[in-house]
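Engineer: No letters, just coordinates:
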Ligand SMILES: O=C(O)c1ccccc1NCC(=O)[C@H](O)[C@H](O)COP(=O)(O)O
């Protein structure tokens with residue numbers, strides 16, 4: 001495991017323990033039951049892929065460990081509306097505060113401003129956090145295979161299924177991909193960012209995508225900056241892109257989505 005992931009895991013587990021002490025599983029489940037109904041995340045990706053040949057998960061990301069501050073002018077509902085107007089199929093919203101300057105309120109406020117399904121992009125180590133994600137309104141969770149063992153990954157997916165949510169299973173290498181393919185989730189993301197060095201290369205996607213069976217819905221994550229990059233990963237089997245930084249650095253984000261995806 002990378003130092004960054006280990007550092008994040010340490011504070012995230014402590015933060016989750018504090019949240020659980022304040023709100024039991026029964027309490028958070030009651031909130032999840034009364035949350036806004038689930039919007040089909042994978043359904044939306046499939047529909048957009050069928051219509052356009054490639055779907056976009058557009059990320060709301062203020063800062064990151066590798067890049068520092070990405071966007072100072074940061075208004076989650078306005079960003080969500082711009083992404084929706086540009087043609088994104090789904091949103092990804094970072095809720096981690098310490099490393100990404102995210103917040104739970106970013107997800108709640110952005111989702112309320114649009115009709116798109118939302119991925120809670122955070123570091124999950126406990127099924128309680130999945131119920132919490134649903135309570136916030138999330139439609140999909142992230143399972144980072146580099147951060148969890150097989151048993152915990154299965155528990156997170158089972159909890160997501162319990163709440164009728166999708167689970168994006170994220171991998172960085174062949175060993176993680178083999179473990180991901182054993183899980184009952186069709187949504188697989190290949191992350192092109194090396195979590196140890198922070199190097200980003202689309203070669204990672206080219207190398208791993210060959211081993212993903214056709215019955216999985218494959219997402220290319222990180223390091224996609226141009227329509228050429230989008231075409232490259234599409235040719236290697238991507239059905240959707242997850243893009244943060246390159247869109248967040250643009251003034252007109254609707255136009256940036258259209259240019260990236262080549263929408264008219
Ligand atoms: O972005 C980082 O620096 C980072 C560092 C450590 C763990 C995760 C990290 N990013 C999360 C993501 O997966 C990306 O935000 C997402 O794939 C979008 O990537 P990009 O388009 O390159 O912003």
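Structural biologist: Ah, there it is. From a predicted model like this one, the values you see are computed outputs, not experimental measurements. Residues are numbered from 1 along each chain as shown.
Engineer: What does residue 210 show for phi and psi?
Structural biologist: Main-chain torsions, residue 210, degrees, to the nearest 10: phi -60, psi -30.
Engineer: Quick one: neighbours of it, just the number.
Structural biologist: Neighbourhood size, residue 210 [other C-beta atoms under 10 Å]: 9. Backbone N, C-alpha and C define where each C-beta goes, glycine included.
Engineer: now residue 227
Structural biologist: Neighbours of residue 227 (other C-beta under 10 Å): 13.
Engineer: What of residue 92?
Structural biologist: That count, for residue 92 with other C-beta under 10 Å as the rule, works out to 26.
Engineer: quick one, strands of the stretch 151-264 of the chain?
Structural biologist: Residue ranges of the strands in the stretch 151-264 of the chain, as given by DSSP state E, counting those that start in this stretch, are 166-171, 187-191, 217-221, 240-243.
Engineer: Show me what the third one is in contact with.
Structural biologist: When contacts are taken as C-beta atoms under 8 Å, 6 or more residues apart in numbering, the neighbours of strand 217-221 outside the stretch itself are 42, 45-46, 49, 57, 168, 170, 186-193, 202, 205, 209, 212, 233, 236-242.
Engineer: Out of those, which end up buried?
Structural biologist: For these, a neighbour count by 16 or more other C-beta atoms under 10 Å gives the buried set as 42, 45-46, 49, 57, 168, 170, 187-193, 202, 205, 209, 212, 233, 236-242.
Engineer: Could you report the separation of residue 147 from the ligand?
Structural biologist: According to C-beta to the nearest ligand atom, to the nearest Å, residue 147 and the ligand sit 9 Å apart.
Engineer: how many neighbours does that residue have?
Structural biologist: Using other C-beta under 10 Å, the number of residues around residue 147 comes to 21.
Engineer: cool, and residue 175?
Structural biologist: Neighbour tally, residue 175, other C-beta under 10 Å: 11.
Engineer: gap between it and the ligand?
Structural biologist: With C-beta to the nearest ligand atom as the criterion, residue 175 and the ligand are 18 Å apart.
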